[in-house]
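Undergrad: got a predicted structure plus its sequence, pasted below:
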Amino acid sequence: MRLYLSLGNGFCFLYPAHYELRHDLERPEEAITLVGPLADPQALETIGVVLSVAFNGPSEGMTSPQYAARWREIHQAPPEVPEYAETIGGRPAWTVNGLPGYGTERRSFVIVDGFRYSLLLTPVPEDVPVLTEEANLIWEAVTGSLAFFPPQASHDYVQAEEVCPAATDSARLYTSLKDGYCLLYPADFEPDADSLQDATIGGAPAVVFRDPRGPWASRQAIIVYRDFAYTIVAQPWEPERFPSGIEFLDRVWDTVTGSPAFFNRWN
């Protein structure tokens with residue numbers, strides 16, 4: 001067994017020596033990932049055992065079951081996925097077992113002294129027989145040795161309430177806790193749920209351009225914030241073909257691009 005210690009995030013654990021330790025690609029300062037054996041090492045596409053432990057910011061006054069319920073609500077987890085209480089690191093935890101993904105997921109949520117922590121295991125041991133032993137091994141090793149202590153890092157955790165603009169009579173507020181952004185849009189516009197992807201701008205370098213492809217040209221913006229790319233697409237950007245629509249397109253563009261704010265994604 002090897003030891004992993006994070007003074008900044010306030011936790012440590014033991015893990016099997018044949019697992020590879022990697023910093024999380026999305027949140028390298030807050031999460032650590034353990035990568036284990038593959039189901040079929042010779043296949044072009046296969047699944048392997050992966051477990052991650054993450055520090056997710058202040059508890060916001062929640063208990064572990066409330067934390068799990070809030071995560072399920074924000075991430076729209078299927079209601080039929082079972083959940084149960086357990087103890088992890090000597091602390092009450094709440095586990096959701098069998099969430100859909102590339103491989104089925106087990107997620108555990110733990111509140112420790114005012115902070116949120118989570119564990120993610122994929123695949124669920126019983127779902128991939130060839131990986132059952134390894135999945136159980138890494139889960140039992142980490143959860144059986146995990147210990148918590150006061151985190152030493154001063155995390156720059158930004159909550160939505162701290163930065164999001166206020167709605168007005170002429171503009172409504174849209175907030176995506178899952179993706180970590182918010183923005184205003186004109187009150188007489190209605191968001192299309194199917195089109196609400198990772199699309200925002202503000203507070204970071206961006207590129208704005210006209211894309212002539214497709215049936216209608218579009219006005220687009222791409223912004224990179226904390227190594228994530230966000231985009232805005234407004235169309236039809238066709239002043240010659242649709243002159244009467246440009247006024248409305250300009251209004252929604254100006255409102256949206258002038259209002260967004262970024263914060264920590266809710267994990």
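TA: Nice, I can see it.
Undergrad: residues near Asn136, how many?
TA: Asn136 has 14 neighbours, counted by other Cβ atoms under 10 Å. C-beta: built from backbone N, CA, C; applies to glycine.
Undergrad: okay, it and Ala221: tell me how far apart.
TA: According to Cβ to Cβ, to the nearest Å, Asn136 and Ala221 sit 47 Å apart.
Undergrad: cool, Glu238 as well?
TA: Applying Cβ to Cβ, the value for Glu238 to Ala221 is 18 Å.
Undergrad: those two: which is more packed in?
TA: Neighbours per residue (other Cβ under 10 Å) separate Glu238 from Ala221, with Ala221 holding more: 20 against 17.
Undergrad: wait, a strand at the more buried one?
TA: Yes - the assignment for Ala221 is a strand, going by DSSP: H, G, I helix; E, B strand; the rest coil.
Undergrad: can you tell me the closest non-neighbouring residue to it?
TA: Ile232 (4.2 Å; Cβ to Cβ, 6 or more residues apart in numbering).
Undergrad: so what's the gap between the one helix or strand that neighbour maps to and the chain middle?
TA: Assigned by DSSP states H and E, Ile232 belongs to strand 228-234. Centroid displacement of strand 228-234 relative to its chain, using Cα atoms, centre = their mean, to the nearest Å, is 17 Å.
Undergrad: that strand - what's its average pLDDT?
TA: Mean pLDDT, strand 228-234: 76.
Undergrad: show me what contacts the residue nearest to Val49 when sequence neighbours are not counted?
TA: Spatially, and ignoring its direct neighbours in sequence, Val49 is nearest to Gly36 (3.7 Å; Cβ to Cβ, 6+ apart). Gly36 makes contact with Pro16, His18, Tyr19, Glu20, Gly48, Val49, Val50, Leu51, Glu134, Ile138, according to Cβ atoms under 8 Å, 6 or more residues apart in numbering.
Undergrad: list buried residues within those residues.
TA: For those, a burial check counting by 16 or more other Cβ atoms under 10 Å picks out Tyr19, Gly48, Val49, Val50, Leu51, Glu134, Ile138.
Undergrad: helix, strand or coil for the fifth one?
TA: Under the three-state scheme (three-state DSSP), the conformation of Leu51 reads as strand.
Undergrad: who are the neighbours in contact with it?
TA: Leu51 makes contacts with Thr33, Leu34, Gly36, Leu119, Leu120, Leu121, Thr122, Ile138, Trp139, Val142, as judged by Cβ under 8 Å, 6+ apart.
Undergrad: which residues of the stretch 51-200 of the chain fall in strands?
TA: 83-88, 91-99, 105-112, 115-122, 147-148, 171-176, 181-186 (DSSP state E, counting those that start in this stretch).
Undergrad: beta partners for Phe115?
TA: Judged by DSSP bridges, the bridge partners of Phe115 are Pro58, Val112.
Undergrad: that one reaches Gly61, doesn't it?
TA: No - taking Cβ atoms under 8 Å as the definition, Phe115 is not a contact partner of Gly61, at 11.9 Å.
Undergrad: who has more neighbours, these two?
TA: Phe115 (20 against 8).
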